[in-house]
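Visitor: Just the structure for this:
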Amino acid sequence: MWRQSFGLLGKSYTHETTGSFLLGKSLHIPLYPVRLCSAVVDVAIQDGVADVTSELIYQNQSPTSTEVLFVFPLGPHMAIYFFQARSEDAKVEAVLRDELSVPPLPTQVQQVHKPIGGWENLEYLQDQSEYPGEVFACFLGTLSPGMEVVVTLCFVQELSQRADGAACFVLPPTLHPHMKHYVCNCGTAKLPYSLLLTASLHSPHGVTDVQANFSLTHLIYTAQDHSTAQVSLAGTPPDRDLELLVYFGDPTAVSVMVEKGDPGSPSGSLLGDPVMLVTLAPSIPEAVPGQRQSGEFIFLLDATFLEHAQDSLLFLLKSLPLGCYFNIYCYGETSVGIFPQSVEYTQDNLIKAMQRVSSTSSSLGGTNLLETLLSIYKTPRPRGHTRQLFIFMSGPLPDKEAIAAEVCRHWNSHRCFCFSFSMDTAALAITLASETGGEAAYVSSDNSMTAEVLKCLKRALKPAAEGISLSWTLPHGLEVEVLGDTPQSIFQGQHILLYAQIHGQAQDTTLAKGVLTLRYSLDGQDVTHTTEFPLSPHGGGRLAGHRLAMRCLLKKLLLEAASGSGDEPRHRAVEISLTSGIICPLTSYVGVRTSQRGNRDQGPLALLPPRQSLIPCQILELRGSRKSSSCFPVTIWVPPGWLTAVCASWIALRQLTQDIAALPQRGACPKACKPPPPPISFLKYVNTTDFVLGSSISGPWITKAIAECQELVALQNVDGSWALSSGLASVLEVDEAEIKGKMPGEVMEPSIWATVLAVTWLHRNDKCYQGLGELLEAKAVTWLCSQAVSQLDKCLEAANTLLGSSVKPSVFRL
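Guide: Residues are numbered from 1 along each chain as shown. As a prediction, the model looks like this:
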């Protein structure tokens, strides 16, 4: 379906028309994909980044002329740096310009660069698209029947890392629009185009293996040390997304690759000096469930929704590990922190927290989340404890942009786990989670809330390396500038890619190596990793690392500009954007269309300079709609004289359309000029439909399970133990005197017997509390093993007899 793969889109009618997009906006005529004839894609992958150059040939196979629009969806770690479209009579190239201070064109240039209208075409795309997200869109004009257009698109992107260390590249569907992206029953299943895909691979650590979900040629090494290799698509591509996994040798905690600069750029510039791609992936062992663990957990609860979150909050707080810190904020018209700052997780502090939350259940109104975040960021976090926020959002939130900007500004100091209870907060929840490396979940009911938050807590409990610091040792005369911010912590399984630039000239050219030292704290122990790397730069001149480094630096400068740090960050961001070809909110694309004034056979006319005009070309945030589309062109009968009326006025158009009852009316947008530039935005449109549909669905059993477990959970102590009490006897549905009478004589401490009974009760034959009580049980078993391992087997035997269960010793790690 074109809403996902896009590419070249067109719209045609039974008569040749101009302004067909405008007509379509009134008549609901869907866009359709123009035929892709061939695609040639060259991918250069070095360590964790990729540079992609593609050439796409489209042909208008319609019997009528078609206005066409090229659309390319942008991934979260992707940036276009070159776009060009060529046909027989014209060339269109996207260029960047300063959005805030576009100088007037000189008179002689105005005669050549004639701006045209057509921004309505991009508005039409926003109105009709079902795809929510960021896209690059360029209006290319009219394509005659049988005419071809050749699109050249170049972009860079950071690659995701698999758990086994593989760098994962997925070919964008625009470059391989297989049948999955079209409406069902849209013709033959055979792909109507050819695809040539080649990949060159490079890493100073060596290329060890390549895997794919499609047929590959044999891996060919182009260097004796296996540092470079090539591979290609073999045969016909399958009808699915193409995925390539590249494995590099010797994964270490820290690695460095130096990319040479652009020889055409001056020394000392961002493009001219070498850039280092630094990968941080410290080896962090798995945490043993139930043991002491560091971390700061802050829970932000919407006060208007607090009564619905009581059960989930109980399970969350009881599941926290010993050794951590916690705090709770209830945000409404004002922000209320249960404690002035995070406190240690103890029995007394937990009791105080639950009591204070209950007293603030309905005393606040409004949703001032921004004030709450500002208060948290001003509060110092406990030393050696990684900060993680659990944010519950129910109703509409004001200042969404400010909230997103504030969280982005502190992205490297914490993670956000966000729980959205309405479509209105879904986009914000996803933005906050993705920017900080956390997770977002849509909660459809109170039933699924507890399961969702506990699932996120399990991920949040992964251990982390704290206090990340980097130090460099380079030959005298060289210095290093880190482009962007360094994270303060790295969680287990994370691969962090940083960029740094080498400036200056080495005084001793015989010293061709540098040293990078990574230091961090893990479980209170200081850890140091040192790696030596060659300063001789690599790369084939495509500058993927440089461009992604500039993209990273742009993000930092935009945050500074948005926070009111003067004009310097804005000016530098504009300069970097224009130099690198990477767009930012302070610059904008414009399409420059160049056409010949006449044929070469027309004598002196051929000596005139080519005619140039400015055409619509822009990065768009598509909101997404629920309209359906077709993969075939839709034709419509145009009444005689209609086109003249369209050119004359929109009033005549509306009058004529009154006689066509079958066609819906939409009204026209008469804008003929580009809208004003938007402010710097950190909140992105996302596919909230997929977000909602991807949420967990909990059946009635979860409500029953929560109700059955709730009283038992409330009785558990923070160290994981239970006290032998009448409350526990009530939950177990056994008389307290009988419980005391059945306690094995070897047990000296009643809480040991009570805790064995509680864990055994959670594992009764006909019950399933695994998702709810997993963390609680781990704490309990850890406590038991530290108290009386020798007594557990006899306690378990007695507990099974008393409760009529058959729990196995493995539950107690026996």
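Visitor: What are the boundaries of the helices in the stretch 201-350 of the chain?
Guide: Listed in chain order, the helices of the stretch 201-350 of the chain (DSSP state H, counting those that start in this stretch) span 310-319, 347-359.
Visitor: Pull up the pairing partners for the helix or strand containing Ile391, direction included.
Guide: Using DSSP states H and E, the element containing Ile391 is strand 387-393. In the sheet, strand 387-393 lines up against strand 296-302 (parallel), strand 414-420 (parallel) (DSSP bridges).
Visitor: so which of those strands comes closest to Leu461?
Guide: With C-beta to C-beta as the measure, strand 296-302 is the member of the strands paired with strand 387-393 nearest Leu461 (9.2 Å). For the C-beta atoms, the positions are set from N, CA and C on the backbone; glycine is no exception.
Visitor: In a markdown table: the helices of the stretch 201-350 of the chain, plus mean pLDDT and mean neighbour count.
Guide: Putting the helices of the stretch 201-350 of the chain into a markdown table (pLDDT from 0 to 100; neighbours: other C-beta atoms under 10 Å) gives the following:
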| stretch | mean pLDDT | mean neighbour count |
| --- | --- | --- |
| helix 310-319 | 91 | 20 |
| helix 347-359 | 91 | 14 |
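Visitor: Looking at those, which is nearest to Ala562?
Guide: Judged by C-beta to C-beta, the one of these that comes nearest to Ala562 is helix 310-319, at 32.9 Å.
Visitor: Hmm, Pro282 is touching Phe491, no?
Guide: No: counting by C-beta atoms under 8 Å, Pro282 sits too far from Phe491 to count as a contact (9.9 Å).
Visitor: dump the residue contacts of Gln507.
Guide: By C-beta atoms under 8 Å, 6 or more residues apart in numbering, the residues touching Gln507 are 475-477.
Visitor: Weed out the non-buried ones from these.
Guide: Neighbour counting over the contacts of Gln507 (16 or more other C-beta atoms under 10 Å) leaves Pro475 as the buried ones.
Visitor: for the contacts of Gln507, which one is nearest Ala729?
Guide: Closest to Ala729, out of all of the contacts of Gln507 and judged by C-beta to C-beta, is Pro475, at 74.3 Å.
Visitor: And the pLDDT for the closest one?
Guide: Confidence at Pro475, expressed as pLDDT, is 93.
Visitor: List the residues that contact it.
Guide: The contact partners of Pro475, by C-beta under 8 Å, 6+ apart, come to 506-508, 511-512, 514, 535.
Visitor: Skip the chain neighbours and tell me the closest residue to Gly75.
Guide: The shortest distance from Gly75 to any non-neighbouring residue, by C-beta to C-beta, 6 or more residues apart in numbering, is to Gln157 (6.2 Å).
Visitor: In the sheet, which residues pair with that neighbour? Tell me.
Guide: Ala50, Met78.
Visitor: surely Val254 meets Leu516?
Guide: Yes: using C-beta under 8 Å, Val254 is in contact with Leu516, at 6.0 Å.
Visitor: who touches both of these two?
Guide: Common neighbours of Val254 and Leu516 (C-beta under 8 Å, 6+ apart) are 278, 531.
Visitor: who has more neighbours, these two?
Guide: Leu516 (22 against 19; other C-beta atoms under 10 Å).
Visitor: Residue ranges in the stretch 401-550 of the chain under the pLDDT threshold?
Guide: For the stretch 401-550 of the chain, residues meeting the criterion pLDDT under 70 lie at 446-447.
Visitor: Would you map the strands across it?
Guide: 414-420, 439-442, 464-473, 478-483, 489-491, 496-504, 513-522, 525-534 (DSSP state E, counting those that start in this stretch).
Visitor: so the third one versus strand 525-534, what angle?
Guide: I take that to be strand 464-473. When axes from the mean of the first three to the mean of the last three C-alpha atoms, to 10 degrees is applied, the directions of strand 464-473 and strand 525-534 differ by 40 degrees.
Visitor: and what of the fourth one?
Guide: In this structure, strand 478-483 runs at an angle of 120 degrees to strand 525-534, with the same axes, to 10 degrees as the basis.
Visitor: and strand 478-483, what does it pack onto?
Guide: Applying 3 or more C-beta pairs under 8 Å, 6 or more residues apart in numbering; DSSP states H and E, one finds that strand 478-483 contacts strand 496-504, helix 544-562.
Visitor: For the stretch 51-200 of the chain, which segments count as strands?
Guide: Listed in chain order (using DSSP E, counting those that start in this stretch), the strands of the stretch 51-200 of the chain are 66-73, 78-86, 90-98, 113-115, 133-143, 148-158, 160-161, 167-170, 194-202.
Visitor: just how off-centre is the shortest one within its chain?
Guide: If I follow you right, that is strand 160-161. 12 Å (C-alpha atoms, centre = their mean, to the nearest Å).
Visitor: Go ahead and name everything in contact with it.
Guide: Strand 160-161 is contacted from outside by 48, 77, 167-168, 281, 495, using C-beta under 8 Å, 6+ apart.
Visitor: circling back to that earlier point, tell me, what's touching Pro282 and Phe491 both at once?
Guide: Counting by C-beta under 8 Å, 6+ apart, the residues touching both Pro282 and Phe491 are Ala465.
Visitor: Turn the strands of the stretch 51-200 of the chain into TSV, columns for mean neighbour count and distance to Gly773.
Guide: TSV is the format used below for the strands of the stretch 51-200 of the chain (neighbours: other C-beta atoms under 10 Å; distance: least, C-beta to C-beta, whole Å):
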stretch	mean neighbour count	distance to Gly773
strand 66-73	24	42
strand 78-86	19	42
strand 90-98	18	56
strand 113-115	14	66
strand 133-143	22	39
strand 148-158	20	39
strand 160-161	17	33
strand 167-170	18	35
strand 194-202	19	47
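Visitor: Can you lay out those strands as TSV showing mean pLDDT and distance to Gly566?
Guide: Putting the strands of the stretch 51-200 of the chain into TSV (pLDDT from 0 to 100; distance: least, C-beta to C-beta, whole Å) gives the following:
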stretch	mean pLDDT	distance to Gly566
strand 66-73	90	35
strand 78-86	95	26
strand 90-98	92	17
strand 113-115	43	33
strand 133-143	88	28
strand 148-158	96	30
strand 160-161	90	36
strand 167-170	95	39
strand 194-202	95	40
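Visitor: looking at those strands, which is closest to Thr703?
Guide: Taking C-beta to C-beta as the criterion, strand 133-143 is the member of the strands of the stretch 51-200 of the chain that comes nearest to Thr703, at 35.3 Å.
Visitor: now the closest one: how far from the chain's centre is it?
Guide: 24 Å.
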